[in-house]
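*Asks:* For reference, the sequence and a predicted model appear below.
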Amino acid sequence: MLDSNLFQYTGTTLSCEEVNLEVLAGTFGTPLFVTSARSLIESYRAFERAFDTLPHFTCYSVKANYNLSVIRTLAELGCGCDINSGGELYRALQAGVSPSRIIFAGVGKKPEEIAYALESGVLMLKAESLSELKAIDRIAGEHGKTASVAIRINPNVTAETHPYITTGDSKEKFGIDEAELPEVFALIRQLKHLTLIGLDMHIGSQIFDPEYYVAATMKLLTLLNTAKAMGFALEFLDIGGGFPVTYDPLKPATPIQHFADKLIPMLLPAGITVIFEPGRYLVANASVLLTRILYKKRNHTGKEFFVVDAGMTELIRPALYQSHHEIQTVTRHDNTIVADVVGPVCESSDFFARQRAIGDAGEGELLAVMSSGAYAAVMSSNYNGRLRPAEVMVNGSEVKLVRKRETYEQLVQNELLEELE
Ligand code: LLP
């Protein structure tokens, strides 16, 4: 079972909550992202329940899915936002999130992004280098502000996950090394436009073993004591995101409660507000990518292909991280065939599944690529002149278009066809 069961067959057709996916594809076309609002709400509530006894503040990491309606749905439940750029700040503000509930991460913030965050009044900026601390202080001074800052520590814990999404290892670009901290604390003492309010880490994504969090949190707690001993009154300890979800029923994710059971006893005695930054956990299983089978073909070796109308331009995870996504036929089929499910993009890496047993659907039928709520639409591109798909949100029997499909006009709207002399 996937974490969320809000995509189920009703009779012979797959539905999202009370809405038939066949009907949605007919109305809005394909490829189409379909998001269950109830799934978002349930995931958030499950997270909150797990950490209930710990004073904490959950900031949804909007990079996972920054559709305005997704952000708003979570924000309305009391969730804050973790952002990584000026663009994500703009999105969070547009979605109606109060700046006092927004925290700004990122290894390479530009001066104008820092200024934008300070002018907006975000809760904190998380600094990742000595140079960035100086930049924040200078920009805050120029704007007549005092910046609230947390330091992102690189705890040098290598969490076991895909190498592209481990971030807490000292060979990676993220955070400040522990060894540098005396210098950092000394610097912060001298900076006049900056207040240190927290320590921060984020060790990676889709991490199954809570022990990595335990190891990194221990380091953070030691550093918290050092900071306190030096006279810094810290309010927040941010332990990042990275909590896992089930993509493949054969590899079920560690329940969130297991993380809470390990972390709460460690964190509670610190008497500090803990910040969490879940992204994937809240959104991954809330959406599917609906796609239509254009052609079926068999090559001379007998290998079968389903050529569908979505591709790596809409969901790059299989190509980039060899990720597994379940694929279900929207009309239930009892017979299966083993096939590759591939997209229309001119790259051999443009596939959703290889040699997968899949319902023997015919040309023109629909497939649902499951667990496509995190790092899917947000990583989409116009490569091969592809149009970014429409997105709909379902709540019970209600359906709302929450992103229009791109048009050919939009593909070229920023280009200027100038004559060069
Ligand atoms: N906080 C920070 C500072 C982050 O960099 C990230 C994700 C998160 C929180 C949220 O992590 P989550 O809870 O979603 O694991 N594109 C990759 C994942 C990249 C994650 C980047 N940082 C994928 O599709 O697997």
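*Replies:* Cool, got the structure.

*Asks:* roughly how far apart are H324 and V70?
*Replies:* 23 Å (C-beta to C-beta, to the nearest Å). (C-beta placed from N, C-alpha, C; glycine too.)

*Asks:* Which one's more surrounded, those two?
*Replies:* V70 (29 against 18; other C-beta atoms under 10 Å).

*Asks:* And the pLDDT at the more buried one?
*Replies:* pLDDT, V70: 98.

*Asks:* Report the buried residues of the host helix or strand of it.
*Replies:* Secondary structure assignment for V70, by DSSP states H and E: helix 68-75. For helix 68-75, burial by neighbour count (16 or more other C-beta atoms under 10 Å) applies to S69, V70, I71, R72, T73, L74, A75.

*Asks:* Going by distance to N335, which of those wins?
*Replies:* V70 (36.2 Å; C-beta to C-beta).

*Asks:* ok so, going back, ok, and of the buried residues of helix 68-75, which contact the ligand?
*Replies:* Counting by C-beta under 6 Å from any ligand atom, the subset of the buried residues of helix 68-75 that neighbours the ligand is empty.

*Asks:* Throw those residues into TSV and include distance to L290, thanks.
*Replies:* Listed next are the buried residues of helix 68-75 as TSV, based on distance: C-beta to C-beta, whole Å:
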residue	distance to L290
S69	17
V70	17
I71	22
R72	23
T73	20
L74	23
A75	26
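
*Asks:* so after the helix or strand hosting C81, what's the next helix or strand?
*Replies:* Secondary structure from DSSP H and E places C81 in strand 80-83. Moving toward the C-terminus from strand 80-83, the next helix or strand (DSSP H and E) is helix 86-94.

*Asks:* That following helix near the ligand at all?
*Replies:* No - Helix 86-94 stays clear of the ligand (C-beta under 6 Å from any ligand atom), getting no nearer than 11.2 Å.

*Asks:* first vs last residue of stretch 151-170, how far apart are they?
*Replies:* 15 Å (C-alpha to C-alpha, to the nearest Å).

*Asks:* same question, stretch 325-335
*Replies:* 20 Å.

*Asks:* mean confidence for that stretch?
*Replies:* 97.

*Asks:* Only the buried residues of that stretch, if you could.
*Replies:* For stretch 325-335, the neighbour count (16+ other C-beta under 10 Å) marks H325, E326, I327, Q328, T329, V330, T331, H333 as buried.

*Asks:* Could you give the secondary structure assignment for the fourth one?
*Replies:* In this case it means Q328. strand (DSSP: H, G, I helix; E, B strand; the rest coil).

*Asks:* pretty sure it contacts A368?
*Replies:* Yes - at 4.9 Å, Q328 counts as touching A368 under the criterion of C-beta atoms under 8 Å.

*Asks:* Between those two, which contacts overlap?
*Replies:* F7, L14 (C-beta atoms under 8 Å, 6 or more residues apart in numbering).

*Asks:* follow-up on the earlier one: could you dump the helix holding V70 to CSV, C-alpha only?
*Replies:* Extracted in CSV, the C-alpha atoms of helix 68-75 (Å, rounded to 0.1, in the frame of the first residue of the first chain):
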residue,chain,number,x,y,z
LEU,A,68,-0.1,28.0,-5.0
SER,A,69,-3.1,25.8,-4.1
VAL,A,70,-0.9,23.1,-2.5
ILE,A,71,0.9,25.7,-0.5
ARG,A,72,-2.4,27.3,0.6
THR,A,73,-4.0,24.0,1.5
LEU,A,74,-1.1,23.3,3.9
ALA,A,75,-0.8,26.9,5.2
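
*Asks:* Since that was my last question, I'll sign off now.
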